[in-house]
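Build me a model from this:
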Amino acid sequence: MITYPVNVANTRWSVVRTSDSAILKHNIKWPRKDGGQVVGLTDGLDFLLEVRGTKPAYDLITEHLSLDTGVVDLAANTHTHEWIIAPLPQPEIDANTELEQAKGFYSDLKNHVGTQGERLNRTETVLAYLLKRLFDAS
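Residues are numbered from 1 along each chain as shown. As a prediction, the model looks like this:
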């Protein structure tokens with residue numbers, strides 16, 4: 001059972017068709033700014049509070065984080081989601097690794113880390129990375 005007024009600032013809601021628990025819309029704001037009850041809602045539709053599990057730690061370079069489709073609990077008026085960690089395809093991992101290396105080299109260049117020769121090599125690496133991304137060249 002939903003208690004009114006609902007918290008409109010920090011909540012997201014799903015619209016569910018109660019006959020078959022099908023989610024029609026999700027991740028929406030409450031339709032009334034005052035958090036009051038929605039008047040004139042079509043019979044057979046209801047709002048469910050979206051609940052998300054704690055976001056797990058994951059590796060941005062090699063993994064992708066997403067939400068599952070969720071579990072509908074009409075009695076509790078909730079649509080509960082859990083986080084899914086999936087491996088990225090190898091080309092994305094390679095691109096992310098290359099980007100992180102270029103960022104590290106750029107940081108070293110800004111802070112004048114290393115000998116002049118090392119800085120020159122890092123400059124070339126950063127420039128090659130930028131040109132490759134800019135012109136999609138090999």
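
what's the pLDDT at N77?
Looking at N77, its pLDDT stands at 95.

Can you tell me what sits against the helix or strand hosting Y106?
Assigned by DSSP states H and E, Y106 belongs to helix 90-110. Helix 90-110 is contacted from outside by 60-62, 88, 114, 119, 122-123, 125-126, 129-130, using CB atoms under 8 Å, 6 or more residues apart in numbering. Any C-beta I mention is one placed from the backbone N, CA and C, and that applies to glycine too.

Could you rerun that using 7 Å?
61-62, 114, 119, 122-123, 125-126, 129 (CB atoms under 7 Å, 6 or more residues apart in numbering).

pull the CA atoms of stretch 47-57 into PDB?
The C-alpha trace of stretch 47-57 is given here as PDB (Å, rounded to 0.1, in the frame of the first residue of the first chain):
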ATOM      1  CA  PHE A  47       2.600   2.400  -9.400                       C
ATOM      2  CA  LEU A  48       5.400   0.400  -7.800                       C
ATOM      3  CA  LEU A  49       8.300   1.900  -5.900                       C
ATOM      4  CA  GLU A  50      11.600   1.000  -7.600                       C
ATOM      5  CA  VAL A  51      14.100  -0.500  -5.200                       C
ATOM      6  CA  ARG A  52      17.700  -1.100  -6.200                       C
ATOM      7  CA  GLY A  53      20.300  -3.300  -4.500                       C
ATOM      8  CA  THR A  54      23.600  -1.800  -3.400                       C
ATOM      9  CA  LYS A  55      25.800  -1.000  -6.300                       C
ATOM     10  CA  PRO A  56      28.700  -3.500  -6.300                       C
ATOM     11  CA  ALA A  57      32.400  -2.600  -6.900                       C
END
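
buried ones in it?
47-51 (16 or more other CB atoms under 10 Å).
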